[in-house]
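Undergrad: I'd like to go over a predicted model; first the sequence, then the structure.
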Amino acid sequence: MFGSSRKKLVRQGLACTKVRRKPAHKEWMRRFEVNPWIKAAIFGAFVLGLAVLIFSGEHPDPAKYFLIGLLVFVTAVAQLWINHPETFEKNSRVGLVFGVILFHLVVAKLVTIVTGQDNGPIGVLLIPYALAPLVLSVLLGKNNGIYAVIYVSLWSAILFRGIDAFLLVMSLISGFISVFLTIQVRRRSRLLRAGFYVGLATWILALSFGIITIPWLQLGVMDWTLFMKQSVAAILTGVVTAMIVSGALPMLEGIFRITTDMSWLEMADRNHPLLLRLSLEAPGTWHHSDVVADLAEAAANKIEANGTICRACAYFHDIGKLVKPNYFSENIVGDENPHDDLAPTMSALIIIAHVKEGVDLALKYGLNQRIIDVIQQHHGTSLVAYFYQRALQQQRDAREGGKIMNIREEDIPEVREESFRYSGPKPQFKECGIISLADAVESASRSLDKPTPQKIEQLVSSIISKRIAEGQLDECDLTLKELKVIAETFRFTLQNMLHTRIKYPKDEERAEQESKRLRNLPPASAA
């Protein structure tokens with residue numbers, strides 16, 4: 001019914017033909033994330049897989065080892081629930097954690113079967129100890145990586161060699177090294193470096209435990225071939241594991257809707273079509289976005305938020321201005337201001353619309369959901385104060401003129417504050433709150449005449465205080481301590497950007513001063 005009536009209005013020229021894109025909120029995905037039966041099914045599938053791995057081995061008493069593995073599983077679930085609630089709440093994250101751990105165990109089992117040496121040196125050296133820790137550390141963070149290290153090591157130690165201390169120590173140390181080296185992965189080469197160090201650690205541990213035989217320590221034995229094979233197997237396994245993880249990450253990111261720092265850096269590429277358009281069609285907005293990115297990234301890193309997300313999202317936060325770039329102050333050249341010919345309500349409508357236009361462009365180009373959220377939330381429900389005050393002034397002028405012209409009070413248009421406010425929502429996460437503040441601070445700093453440290457400090461403090469008073473930051477979990485650090489970082493960064501240059505005299509002035517100095521010199525004495 002609504003669609004047909006809209007088409008009729010379009011044919012009559014009474015409605016716009018443009019259909020704005022909207023984010024797709026899939027109800028089935030939300031239900032999947034919170035359904036307890038799905039979580040129970042994930043746990044059940046993991047226990048079943050654990051049972052298959054244990055009972056298919058050569059343990060003398062598999063039932064005993066399965067009971068031990070089951071008890072470890074109970075502690076793993078409790079640990080996830082207590083220490084990682086953000087992971088436990090989402091079924092997709094639970095599936096990722098236990099799925100990757102089970103895959104790790106399956107691969108390790110296959111390696112020992114293929115080598116046919118459960119107690120031999122080569123089979124132990126070919127186990128990919130860093131597989132699950134690397135994947136979960138990069139995708140879900142270091143805490144989930146450490147979680148994987150502990151439990152994959154415990155299960156590995158009881159599954160294949162019957163509570164083997166060597167296997168436990170090897171897995172723990174290799175896993176911790178892989179997590180430590182991937183705390184902040186911004187380049188895929190960092191993964192390969194982590195794999196090499198994991199392989200090196202495996203080699204050193206194997207030497208320490210006597211798994212790799214050192215030829216010169218064996219009397220009458222000089223088997224350098226075996227030594228080289230074992231050494232290559234230990235180091236190369238770590239490198240190959242890292243290569244496999246690097247290749248699998250894009251697929252896992254797409255399936256589980258996770259974005260790593262590596263992907264954020266790729267999204268922040270300035271050669272993106274939208275960013276190229278912004279630099280050409282709205283250069284003032286592009287410069288503004290670039291400065292906001294610098295401010296937001298520096299502040300986010302100071303409070304241990306994600307600076308890479310801030311930079312990528314800040315680049316795109318104002319792409320909606322591409323629709324009408326000349327109506328925004330940073331793109332206005334000369335004295336001609338298009339808002340001079342518009343009513344304040346119309347001007348405010350154009351300014352506010354850049355948020356919806358930005359969401360529309362982001363959906364069209366398939367940008368990340370986090371970027372769309374920042375575009376939608378970075379102004380919150382704040383007021384377009386300049387045009388609101390202008391509308392109030394026009395209303396006051398109309399009332400004064402109305403007394404002379406005998407115009408009734410009810411005939412003067414009412415100025416409604418909600419018509420000059422952004423529709424929101426308010427920033428919902430820390431990075432968005434930081435970008436919101438950086439956006440306001442950068443815009444206001446351009447109006448400073450002869451910026452000094454005192455003026456910059458006053459400007460930053462007043463903007464942040466105003467946002468707090470208006471409740472714009474109530475939903476993004478930024479603490480007062482963090483806001484203080486953000487303000488200090490903004491002040492420092494802006495002072496470096498806006499520092500006053502020393503004014504040097506012009507060449508002509510210097511020449512004139514030099515000539516005056518020479519004229520005032522006493523005459524030289526005769527020779």
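TA: Yep, that arrived.
Undergrad: for residue 435, which non-adjacent residue is closest in space?
TA: For residue 435, ignoring the flanking residues on the chain, the nearest one in space by Cβ to Cβ, 6 or more residues apart in numbering is residue 296 at 4.8 Å. In short, each C-beta sits where N, CA and C put it, glycine included.
Undergrad: okay, now residue 49: neighbour count?
TA: 17 (other Cβ atoms under 10 Å).
Undergrad: hang on, it packs against residue 106?
TA: Yes: taking contacts as Cβ atoms under 8 Å, residue 49 lies within contact range of residue 106: 7.4 Å.
Undergrad: before we move on, back to that, which strands or helices does the helix or strand containing the residue nearest to residue 435 pack on?
TA: When secondary structure is defined by DSSP states H and E, residue 296 falls within helix 283-302. Using 3 or more Cβ pairs under 8 Å, 6 or more residues apart in numbering; DSSP states H and E, the elements in contact with helix 283-302 are helix 273-281, helix 307-316, helix 430-445, helix 480-498.
Undergrad: how about these, which one is nearest residue 254?
TA: Proximity to residue 254 (Cβ to Cβ) singles out helix 307-316 among the helices and strands packed on helix 283-302, at 17.3 Å.
Undergrad: with just CA atoms, put the closest one into CSV.
TA: Extracted C-alpha coordinates of helix 307-316, given in CSV (Å, rounded to 0.1, in the frame of the first residue of the first chain):
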residue,chain,number,x,y,z
GLY,A,307,43.6,3.7,17.1
THR,A,308,43.5,1.8,13.8
ILE,A,309,39.7,1.7,13.9
CYS,A,310,39.6,5.4,14.7
ARG,A,311,41.8,6.3,11.7
ALA,A,312,39.8,4.2,9.2
CYS,A,313,36.4,5.4,10.5
ALA,A,314,37.5,9.1,10.7
TYR,A,315,38.5,9.1,7.0
PHE,A,316,34.9,8.1,6.1
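Undergrad: and the pLDDT for the residue most central in space within the chain?
TA: For the chain, the residue nearest the mean C-alpha position is residue 309 (2.8 Å; Cα atoms, centre = their mean). Note for residue 309: predicted pLDDT of 94.
Undergrad: so how far is residue 432 from it?
TA: 9 Å (Cβ to Cβ, to the nearest Å).
Undergrad: also residue 210?
TA: Taking Cβ to Cβ, one finds residue 210 at 55 Å from residue 432.
Undergrad: one more: residue 243?
TA: Applying Cβ to Cβ, the value for residue 243 to residue 432 is 35 Å.
Undergrad: of these two, who's got more company?
TA: It is residue 432, of residue 243 and residue 432, that has more neighbours when counted by other Cβ under 10 Å, with 29 against 14.
Undergrad: what sits against the more buried one?
TA: For residue 432, the residues meeting the contact criterion (Cβ atoms under 8 Å, 6 or more residues apart in numbering) are 313, 373, 374, 377, 378, 476.
Undergrad: got any ranges where the stretch 51-200 of the chain has weak pLDDT?
TA: For the stretch 51-200 of the chain, the stretches with pLDDT under 70 are 57-59, 116-121, 160-163.
Undergrad: now do the strands in it.
TA: Remark: no strands are assigned in the stretch 51-200 of the chain by DSSP state E, counting those that start in this stretch.
Undergrad: for residue 447, which three-state class applies?
TA: coil (DSSP: H, G, I helix; E, B strand; the rest coil).
Undergrad: pLDDT at it, what is it?
TA: 83.
Undergrad: how far out from the middle of the chain is the helix or strand residue 252 falls within?
TA: According to DSSP H and E, residue 252 maps onto helix 224-256. Taking Cα atoms, centre = their mean, to the nearest Å, one finds helix 224-256 lying 27 Å from the centre of the chain it belongs to.
Undergrad: for that helix, buried residues please.
TA: 227, 230-231, 233-235, 237-239, 241-242, 244-246, 249, 252-253 (16 or more other Cβ atoms under 10 Å).
Undergrad: what is the subsequent helix or strand relative to it?
TA: Helix 224-256 is succeeded, C-terminally, by helix 261-267 (DSSP H and E).
Undergrad: how far off centre is that following helix?
TA: On Cα atoms, centre = their mean, the centre of helix 261-267 falls 8 Å from that of its chain.
Undergrad: next, the buried residues of stretch 178-192.
TA: Buried, per 16+ other Cβ under 10 Å, within stretch 178-192: 178, 179, 181, 182, 185, 188, 190, 191, 192.
Undergrad: oops, could you answer that again for stretch 88-103 instead?
TA: In terms of neighbour count (16+ other Cβ under 10 Å), stretch 88-103 has its buried residues at 88, 90-102.
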